[in-house]
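Engineer: Any chance you can model this:
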Amino acid sequence: MEGGYKEVPANESQAVSFVSTKDNVTVQTMQHGTSTNRTFLYMAACIANLSSFVCGTSLGWTSPEIPLLKNLTVSPLDHVMTGSEEGWVGSFLPLAAAIGPLGAAILADKLGRKKSLLVGVIPFIVAYSINIFAANVPLLYLSRFLCGLGVGIIFTVVPMYVGEIADDEVRGALGSFMQLFIVIGLLFSYALGPYLPIKTFNIILISPPVIFFVLFFFFIPDTPYYLVKSAKHEEALEALIRLRGNLKTLAQKELEVVKVQVEIDVNNKASFMDIFKTKSTKMALFLALNLVAWQQLSGINIVLFYTQGIFTDAGVPLAPEICTIITGVVQIASSALTPLLVERLGKRFLLIQSAIGMGIAQGVLAFFFYLKDDKGSDVSSIGWLPILCLVVFIITYCLGFGPLPWAVMGELFPGNVKSAASSATASICWVFGFFITNYFGILSNLVGKSGSFGLFSVFCFFSFGFVFKFVPETSGKSFSEIQEILGGGRK
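Structural biologist: Numbers count the residues shown, from 1 in each chain. Modelled structure (predicted):
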């Protein structure tokens, strides 16, 4: 939704004038007084992102649960998991997450953004219910596959939902909620998983998706954009009135803008193949696919899925569970900083710094494992080093390559191909995640952890080269300016 509003004076009727044509949609504002009450808007964004929190719990699930599942005294399994089984338990989620976005775009168009998110959390409820009774590895495969389907749907639909309910002034801030809620979900799993029986932990994990389902179903509307597209104009107006702080005149004017935007998008509807018709959209796809590929090649899923195992293998002086919780807290703090820094420093600068920081952290971690495993040296005096490396890695990832590839992607594509491009990009992201997660164990057996983390370090520095060479700065630029840059018209 391109229409929006910025600031509303006390006299609502004189606050905002919307100028709409079929070729252009703009919002003109006059600032005279107080801003609107965005309480319900923020509440809607937070409740929608409870689904992101649920995704975070599933992404962090393997870190505390794999060590328990490998311990027969507490594991419900009838045998000790093999390295191959461990790899598949970790990688079934990204495998299914690569499939999820392909159906999510169809769901979002046919059922709406709201119903799609409600559908998206159902696999988590089923998956965690399976985990309560799972006594064999194939059931864990099924559980992780279901979680991956949910992740693929939610990662695709949440940005769409939040972007369509937000006004222009707070769209960036609300868009950053997703990363924040995901890392809070990760910390939830990191903090509870090691200290609870497997069955109890999974019973608790059923609660967040159920709470989301109830709150979102009964209290939060679908997006005005989708409601207009479905010819539900009265419902769209009611939703806008609530989202814009009960300012009816403002909502009525914005509804007209939404109607124009829907008409524009319907008349200019395009398929995925239309991306290849212009130089600018081809370049946009090249950038988007590469950014998410380098994101995964940094080794982030290995760090998220197996944090506790990494600390155990490193023999750090603190309990691995405590170290994992520390990294979870760092993730939250770093994710909260990103919205504050991105407009000041720019996305390109943060991506470059992120790549360098991750590369150094992974390189030092590789050197630690080289000394410990390959050389057999006494590393007790530097036992703190892996903690520092992963903390630095998480900070630099969350400030750059975590949220910003998706933010950049949202600015590169015109509206008529954005849905198809987003689905394709998300799928490619998780395909890379699947292969890296599944074959990390094999790679570690071949070249050791030093070689594995060394390879991730090299990939991080390659990502720096890619951003430096190809990625333009998009912050502070209009869509037309970005398209001109992508088409080679300006630097």
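
Engineer: From F466, how far off is the closest residue to T425 other than its chain neighbours?
Structural biologist: Closest residue to T425 apart from its sequence neighbours, by CB to CB, 6 or more residues apart in numbering: A288 at 4.7 Å. Every C-beta, even on glycine, is put in place using the N, C-alpha and C of the backbone. Distance, A288 to F466, using CB to CB, to the nearest Å: 12 Å.

Engineer: More neighbours: which of these two?
Structural biologist: A288 (25 against 17; other CB atoms under 10 Å).

Engineer: List the buried residues in the one helix or strand the more buried one maps to.
Structural biologist: Using DSSP states H and E, the element containing A288 is helix 279-297. The neighbour-count check on helix 279-297 (16 or more other CB atoms under 10 Å) flags 280-281, 283-285, 287-297 as buried.

Engineer: Nearest to P386, out of the residues you listed: which one, please.
Structural biologist: Among those, L297 lies closest to P386 (CB to CB), at 20.6 Å.

Engineer: Let's see the pLDDT reported for that closest one.
Structural biologist: On pLDDT, L297 comes in at 94.

Engineer: now the angle from whatever helix or strand S480 lives in to helix 279-297?
Structural biologist: S480 is located in helix 479-486, with elements delineated by DSSP H and E. Interaxial angle of helix 479-486 relative to helix 279-297 (axes from the mean of the first three to the mean of the last three CA atoms, to 10 degrees): 80 degrees.

Engineer: coming back round to it: tell me which of the buried residues of helix 279-297 is nearest to P405?
Structural biologist: Nearest member of those to P405, counting by CB to CB, is L291, at 3.7 Å.

Engineer: how close does the closest residue to the closest one other than its chain neighbours sit to A293?
Structural biologist: Among residues not flanking L291 along the chain, P405 sits closest, at 3.7 Å (CB to CB, 6+ apart). Going from P405 to A293 by CB to CB gives 9 Å.

Engineer: ok, back up a step: which other helices and strands does the helix holding A288 contact?
Structural biologist: Judged by 3 or more CB pairs under 8 Å, 6 or more residues apart in numbering; DSSP states H and E, helix 279-297 is in contact with helix 404-412, helix 415-470, helix 479-486.

Engineer: Present these as JSON lines; the columns should include mean pLDDT and distance to V303.
Structural biologist: Listed next are the helices and strands packed on helix 279-297 as JSON lines, based on pLDDT from 0 to 100; distance: least, CB to CB, whole Å:
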{"stretch": "helix 404-412", "mean pLDDT": "79", "distance to V303": "17"}
{"stretch": "helix 415-470", "mean pLDDT": "89", "distance to V303": "9"}
{"stretch": "helix 479-486", "mean pLDDT": "82", "distance to V303": "32"}
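
Engineer: CSV for the ones you listed, including distance to F217?
Structural biologist: Output for the helices and strands packed on helix 279-297, formatted as CSV (distance: least, CB to CB, whole Å):
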stretch, distance to F217
helix 404-412, 26
helix 415-470, 24
helix 479-486, 34
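
Engineer: So what touches the one helix or strand Q179 maps to?
Structural biologist: Per DSSP H and E: Q179 is located in helix 177-192. Residues outside helix 177-192 that contact it (CB atoms under 8 Å, 6 or more residues apart in numbering) are 45-46, 49-50, 52-61, 63-64, 158-159, 162, 201, 204-205, 208, 304, 307-308, 321, 324-325, 327-329, 331-332, 335-336, 338, 398, 402-403.

Engineer: ok so, going back, now the helix holding S480, how far from the chain's geometric center?
Structural biologist: Centroid separation for helix 479-486 versus its chain: 25 Å, with CA atoms, centre = their mean, to the nearest Å.

Engineer: Give the buried residues for it.
Structural biologist: Within helix 479-486, the residues scored as buried using 16+ other CB under 10 Å are 482-483, 485-486.

Engineer: Which elements pack onto that helix?
Structural biologist: Helix 479-486 packs on helix 279-297, helix 404-412, going by 3+ CB pairs under 8 Å, 6+ apart.

Engineer: Those into CSV, with extra columns for distance to K232?
Structural biologist: Formatted as CSV, these follow (distance: least, CB to CB, whole Å):
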stretch, distance to K232
helix 279-297, 31
helix 404-412, 26
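
Engineer: Q353: which of these is closest?
Structural biologist: That would be helix 404-412 among these, by CB to CB, at 10.8 Å.

Engineer: No more questions from me, cheers.
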